[in-house]
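Asks: Next come a sequence and a model predicted from it.
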Amino acid sequence: MKIKIKNICCIGAGYVGGPTMAVIADNCHNVEINVVDLDRERIDRWNSKDLSRLPVYEPGLAEIIERRRGKNLNFSSSVEEKIKIADAIFISVNTPTKKKGLGAGKASDLKWIEACTRQVAANSEGHTIVIEKSTIPVRTANVIKSILESSEFLNDENSNKTFSVLSNPEFLAEGTAINDLLNPDRILIGGDNYEDIESLKDIYANWVPNHLIISTNVWSSELSKLSANAFLAQRISSINSISALCEKTGADVEEVSLAIGLDTRIGSKFLKAGPGFGGSCFKKDILNVIYLCEYFGLHEVAEFWESVIKLNNWQTNRITKLVTRKLFGTLSNKKISILGFAFKANTNDTRESAAIQICKNLINEGAILLIHDPKVNGEQIALDLNNEEFDINKSEIGSEGTWIKVNDIYDSFVDSDASIILTEWEEYLNINWDKVSNLMRKPAWVFDTRSMIDKKNFDNLDLNLWVVGKG
Ligand code: UDX
Ligand code: ADP
């Protein structure tokens, strides 16, 4: 029998769970939504009156939180209590790459998925639709299913528990999450319980046209998510490889992107050269594909996807080498302004950001970095670069191989030998380079890894410019 979903619990209040549930709440006022997380501080921040403290920054998110929080959208750490009353449970916990043991460096660590599935098994009541939302390796539904089915609670003859497991991967991109959720290219639901698929479809049908809601078997759904990310990442490695060739030949990568993108078979999106892709999904998902291929003996396929990651690492590292070469082969005690630390604009997320590797490389070379980012705070940068708590004393310029966070873009240029644009924040489009030219030590270099600067504007300035894919 098809049930009407009236109460949703989302386990995991992160970059996926938070925005996704906010949009569902905004479009389904009759559905009560509880977003739960073990991390109390994170929940406190979701409940914060000061909306600038929300743990996830996404354009448009704060407005929805303000509209729905306390009405049909609640954030809490009472995981068990909220599981109990839910008809449908979204699993949106983290699934990072395993650091040790079997499959280390490639397979996803499913310990958080396993832990929360056990909580669902123990605490749910009646029929519960369990929906995998996190990016997960293929066949995770099987893991969830076997934990639920072997649950001691299910074997209790007084138990009224039943479950079905659906895969409903999230395709949102950070920075545009709200728009992606409101206007998805498609909603994919994988599973074999027809009625439960229909129940979940009814939720999305509140704002997504029916023809965009498709259902497949559970494995196709899981593999589609990994494949979509692998294809997108592969396009970026392709254009980054061409950017290096452009620099050697005198071609302009933006002109090449435009020309090839007009071919409708290729399409114009995801053809922007940069410092290498970051974010929590691309690398992790390709590693998952590689792990699967190796597991099934498809070594050539594994190598093909491995080359996408290899090219990405190469692109990131070649930027440090280039900067070092242009600054006469040594960065020792030279100040370098870093513009942008997030892995892309409009997010405060730094996971796998190319900026982390580039900054570490520069610090290793002895540079002193003045890092600016409008949304990433010093605490996060300290964790990423030094794996330590933020030291407030780090607000003054230190010695060779150190960094500070600056709040004013122009402070980063004072006496700097170079500036590197690493994230495409809109405010970097409005930098007054004439003013900058007076602040930097000469000869000064600007390295634009995001193609934001129009070379013509630099013609009359005493600044050397390098732009990715243009030389
Ligand atoms: C990605 C997928 O786009 C999304 O569908 C999936 O659900 C999660 O993974 P996300 O990682 O948030 O989303 O951001 P995305 O916009 O895909 O960018 C990933 C990285 O690629 C960023 O570092 C970005 O700067 C880089 N990129 C993107 C490029 O270098 N060039 C491009 O043309 C596009
Ligand atoms: P994503 O980008 O996939 O959303 P995040 O790391 O931002 O990943 O968020 C995942 C969240 O899931 C974290 O806040 C983490 O505390 C939470 N989490 C992990 N395991 C559990 C669990 N068993 N119960 C509740 N929350 C959990």
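Replies: Thanks, I have the structure now. Numbering: from 1, shown residues only. Ligands and ions are numbered 1, 2, ... in the order given.

Asks: And the residue in the stretch 1-150 of the chain that ligand 2 sits nearest to, which helix or strand is it part of?
Replies: The nearest approach of the stretch 1-150 of the chain to ligand 2 comes at residue 14, 2.0 Å away (CB to the nearest ligand atom). (Each C-beta comes from the backbone N, C-alpha and C, glycine too.) For residue 14, there is no host helix or strand (DSSP states H and E).

Asks: List the contacts of it.
Replies: Shown in contact with residue 14 (CB atoms under 8 Å, 6 or more residues apart in numbering): 37, 42, 55, 56, 92, 93, 94.

Asks: can you rerun that using 10 Å?
Replies: By CB atoms under 10 Å, 6 or more residues apart in numbering, the contact set of residue 14 is 20, 35, 37, 39, 42, 55-56, 92-94, 134, 280, 349.

Asks: gap between it and ligand 1?
Replies: Going from residue 14 to ligand 1 by CB to the nearest ligand atom, to the nearest Å gives 12 Å.

Asks: re the thing from before, which one of the contacts of residue 14 is nearest to ligand 1?
Replies: So of the contacts of residue 14, ranked by how close each gets to ligand 1 (CB to the nearest ligand atom), first place is residue 280, at 6.6 Å.

Asks: okay, residue 452: pLDDT?
Replies: Per-residue confidence (pLDDT) for residue 452: 96.

Asks: Give the helix, strand or coil label for it.
Replies: coil (DSSP: H, G, I helix; E, B strand; the rest coil).

Asks: which stretches of the stretch 351-471 of the chain have low pLDDT?
Replies: Scanning the stretch 351-471 of the chain for pLDDT under 70 picks out 389-396.

Asks: Would you map the helices across it?
Replies: In the stretch 351-471 of the chain, the helices defined using DSSP state H, counting those that start in this stretch lie at 354-364, 378-386, 433-439.

Asks: Run through the residues of the stretch 51-200 of the chain sitting next to ligand 2.
Replies: Within the stretch 51-200 of the chain, the positions adjacent to ligand 2 are 79, 92, 93, 94, 112, 115, 116, 119, 134 by CB under 6 Å from any ligand atom.

Asks: and which of those is nearest to residue 64?
Replies: The closest of those to residue 64 turns out to be residue 92 (CB to CB; 16.7 Å).

Asks: Pull the number of nearby residues for that closest one.
Replies: Applying other CB atoms under 10 Å, we find 26 other residues in the vicinity of residue 92.

Asks: Can you give me the pLDDT of it?
Replies: As predicted, residue 92 sits at a pLDDT of 95.

Asks: For residue 443, which non-adjacent residue is closest in space?
Replies: Nearest residue to residue 443, sequence neighbours excluded (CB to CB, 6 or more residues apart in numbering): residue 464, at 6.3 Å.

Asks: no no, residue 378
Replies: Nearest non-adjacent residue to residue 378 (CB to CB, 6+ apart): residue 405, at 4.1 Å.

Asks: In contact with that neighbour, which residues?
Replies: 338, 341, 369-373, 376-382, 390, 394-395, 412.

Asks: same thing with residue 256?
Replies: 239, 242, 243, 245, 246, 271, 273, 469.

Asks: Recalculate using a threshold of 8 Å.
Replies: 242, 246, 469.

Asks: Number of residues surrounding the first one?
Replies: So that's residue 242. 18.

Asks: What helices and strands are in contact with the helix or strand it falls within?
Replies: Assigned by DSSP H and E, residue 242 belongs to helix 218-249. Applying 3 or more CB pairs under 8 Å, 6 or more residues apart in numbering; DSSP states H and E, we find helix 218-249 packed against helix 140-149, strand 162-167, strand 187-190, helix 253-261, helix 282-295, helix 299-326.

Asks: Let me know which of the ones you listed is the nearest to ligand 1.
Replies: helix 282-295 (5.8 Å).

Asks: That closest one - what's its average pLDDT?
Replies: 93.

Asks: quick one: is it near ligand 2?
Replies: No. Helix 282-295 does not reach ligand 2 (CB under 6 Å from any ligand atom); its nearest approach is 9.8 Å.

Asks: so how far is that helix off the chain centroid?
Replies: Put simply, helix 282-295 sits 17 Å off its chain's centre (CA atoms, centre = their mean, to the nearest Å).

Asks: Dump that helix to PDB, restricted to CA.
Replies: The C-alpha trace of helix 282-295 is given here as PDB (Å, rounded to 0.1, in the frame of the first residue of the first chain):
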ATOM      1  CA  PHE A 282      34.700  14.300  -7.600                       C
ATOM      2  CA  LYS A 283      37.900  12.700  -6.400                       C
ATOM      3  CA  LYS A 284      36.100  10.400  -3.900                       C
ATOM      4  CA  ASP A 285      33.700   9.200  -6.500                       C
ATOM      5  CA  ILE A 286      36.300   8.500  -9.200                       C
ATOM      6  CA  LEU A 287      38.300   6.600  -6.500                       C
ATOM      7  CA  ASN A 288      35.200   4.600  -5.900                       C
ATOM      8  CA  VAL A 289      34.800   3.800  -9.600                       C
ATOM      9  CA  ILE A 290      38.500   2.800  -9.700                       C
ATOM     10  CA  TYR A 291      38.100   0.600  -6.600                       C
ATOM     11  CA  LEU A 292      35.000  -1.100  -8.200                       C
ATOM     12  CA  CYS A 293      36.900  -1.700 -11.500                       C
ATOM     13  CA  GLU A 294      39.800  -3.200  -9.800                       C
ATOM     14  CA  TYR A 295      37.500  -5.400  -7.700                       C
END
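
Asks: so which helix or strand takes in the closest residue to residue 172 other than its chain neighbours?
Replies: Leaving out its chain neighbours, the residue that sits closest to residue 172 by CB to CB, 6+ apart is residue 180, at 4.1 Å. In the assignment (DSSP H and E), residue 180 maps to helix 177-182.

Asks: Which residue is the nearest non-sequential neighbour of the spatially most central residue of the chain?
Replies: For the chain, the residue nearest the mean C-alpha position is residue 279 (3.6 Å; CA atoms, centre = their mean). Using CB to CB, 6+ apart and skipping the chain neighbours, the partner closest in space to residue 279 is residue 343 (4.9 Å).

Asks: Could you report the neighbour count for the closest residue to ligand 2 within the stretch 351-471 of the chain?
Replies: Nearest residue of the stretch 351-471 of the chain to ligand 2: residue 351, at 7.7 Å (CB to the nearest ligand atom). Counted with other CB under 10 Å, residues neighbouring residue 351 total 19.

Asks: ok, now which ones touch it?
Replies: For residue 351, the contacting residues are 278, 279, 280, 343, by CB under 8 Å, 6+ apart.

Asks: Pull up the gap between the closest residue to residue 417 other than its chain neighbours and residue 327, please.
Replies: Using CB to CB, 6+ apart and skipping residues adjacent in sequence, the residue nearest residue 417 is residue 334, 4.5 Å away. For residue 334, the distance to residue 327 equals 6 Å [CB to CB, to the nearest Å].

Asks: which neighbours do these two share?
Replies: By CB under 8 Å, 6+ apart, the residues touching both residue 334 and residue 327 are 417, 418.

Asks: quick revisit: and the helix holding residue 242, anywhere near ligand 2?
Replies: No. Applying CB under 6 Å from any ligand atom, one finds helix 218-249 separated from ligand 2 by no less than 12.0 Å.
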